[in-house]
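**Q** what's the 3D shape of this:
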Amino acid sequence: MSETETYTARLILDIEQSDFSQIGTRPADETFELRPVPALMSNLSGGVGTYLVRAILDELGVDQHRIFRWRLENKYIQYLIFNHYVPDSMAVTFSFANLMLEHDSVQKINQLCANGFFIKSTLGDSSGRKKSFDRTEELDEIIHSHRALYKDEQEKWIIQQKLDLQDEFRIHTFGKDLIDGLTFVIAGGNSSNGWAAQRLVRTVLEKLPDSILQGTLIGWDIGVTTSDKLYIIEANFTGFHPEYGEGFQTSGYFGDSRYGSIVCAWFNNYFKKKYKISIGSVEDSLLTYEFFREFVFYASVFKVEHLDLYAHRSEGKYLAVVIYVDNYTTGLFTNLVKYFRLINFADQFYLITDKEYLPALMNTFSKNDPVNFLIENNFFDQDKYHVIKQLTYSARKQIFCHHVIGLIEEKSYVII
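**A** So this is what the prediction gives:
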């Protein structure tokens, strides 16, 4: 047995013999207030969305350090573990340190790089977005520094087979659940490949042990090659990372400047459905952040039924969305529709609005978007319309949306 095989066997044994705490579901729906807790706000490697994720996981009793006892943030460790449980799920990968111990090591490394392999760091973040994942041009410098630091060095570099990708997706999971509605296009974007990528992740979740998955939030990067083969590119583990960017880290989508508040509200909705625990309010001091004000709005909009509706989309089921937009909610709902388009939540969107807001609303969508605009002013005579406009937003929404449903004759719809 090689040294790598021996190390992997010890690692697998430790994983499978490890104790872990079950994440329990509350007996009845519970909510808690999101407030600034100093212990949770310290050592954050990310923005306000990162704090919200940390607060939810802390409320569930998740140990933010446990998963890193095996250094699973390291891409070489990921290769060893994932390929053990799901063979060939990752591209062929070699340890740079092991190759450097071999005779004619530099020649062998250069030969690999000339035949479809590249140098990749085992630690880091946003390498795909920054286009910095391929470090082959730095090979001479890496070899020199590796020789100088070898005695004290952990695995810093891998040599990995380069894949000819047509699509790449970020898919989020918690425990053995794939969180429907938190799958995003990194590159490409063939929707059928998105469903296939989710099926691969579900297969991986079935085969990985609970000691890895229990209480673990993961953002999976899944690639689809031009020959339609699927691979795990890497897994992004939420928790307290011990080395690179030391501190609490999570998927960057939770802190995204455009959609992060929606992502966090959807995430909160998942825990409301699955574990009967969710953020019910946000302390005033945090509402100075626009992010949290938007989160409160979207959290009030999302219902647990929306998760089921999205899950049915993978079965090819049709869905239309009806939304009433007033002056206050125009920007918020515009962003939500764009998010729904991003995750393929529905086939058609019906936006009901006052004629005063219509031009600005129309300018935010292209002619190719399946968005239909309906002017509320035309639904009733002037006197009745004037009375309706004096009502609360909720009352107006109920009247206008139900009136529109009778007009559009959609068989499968949801009011947001």
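
**Q** Name the nearest residue to Lys274, ignoring sequence neighbours.
**A** Asp177 (6.6 Å; Cβ to Cβ, 6 or more residues apart in numbering). For glycine as for every other residue, the C-beta is placed from the backbone atoms N, C-alpha and C.

**Q** ditto for Thr25
**A** Per Cβ to Cβ, 6+ apart, closest to Thr25 is Tyr275, 4.9 Å.

**Q** on that earlier part again, show me what contacts the residue nearest to Lys274?
**A** 205, 270, 274 (Cβ atoms under 8 Å, 6 or more residues apart in numbering).

**Q** Just the buried subset of those residues, written out for PyMOL, thanks.
**A** In PyMOL, a selection of the buried entries from the contacts of Asp177 looks like this (16 or more other Cβ atoms under 10 Å):
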select buried, resi 205+270+274
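
**Q** For the contacts of Asp177, give me a markdown table that also has secondary structure, distance to Ile388 and pLDDT.
**A** Converted to a markdown table, these look like this (DSSP: H, G, I helix; E, B strand; the rest coil; distance: Cβ to Cβ, whole Å; pLDDT from 0 to 100):
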| residue | secondary structure | distance to Ile388 | pLDDT |
| --- | --- | --- | --- |
| Leu205 | helix | 49 | 98 |
| Tyr270 | helix | 35 | 98 |
| Lys274 | helix | 39 | 96 |
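
**Q** With distance to Ser95 as extra columns, can I get the contacts of Asp177 in TSV?
**A** Below are the contacts of Asp177 laid out as TSV (distance: Cβ to Cβ, whole Å):
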residue	distance to Ser95
Leu205	26
Tyr270	37
Lys274	38
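
**Q** Low-confidence stretches in the stretch 1-150 of the chain?
**A** Along the stretch 1-150 of the chain, segments meeting pLDDT under 70 span 1, 125-132, 140, 144-150.

**Q** Please enumerate the helices of it.
**A** In order along the chain, the stretch 1-150 of the chain carries the following helices (DSSP state H, counting those that start in this stretch): 3-16, 38-41, 48-59, 75-85, 96-100, 105-113, 127-130, 139-149.

**Q** roughly how far apart are the nearest residue to Asn83 once chain neighbours are set aside and Ile233?
**A** Nearest residue to Asn83, sequence neighbours excluded (Cβ to Cβ, 6+ apart): Met90, at 5.6 Å. Distance from Met90 to Ile233, counting by Cβ to Cβ, to the nearest Å: 8 Å.

**Q** in this protein, which residue is closest to the centre?
**A** Taking Cα atoms, centre = their mean, the centroid of the chain lies closest to His172, which sits 4.3 Å from it.

**Q** Okay, now the sheet partners of the helix or strand where Glu168 lies, with direction.
**A** Assessed by DSSP states H and E, Glu168 sits inside strand 165-174. Strand pairing for strand 165-174, using DSSP bridges, gives strand 177-187 (antiparallel), strand 217-225 (antiparallel).

**Q** roughly how far out does stretch 247-258 sit from the chain middle?
**A** Mean C-alpha position of stretch 247-258 versus that of the full chain (Cα atoms, centre = their mean, to the nearest Å) differs by 9 Å.
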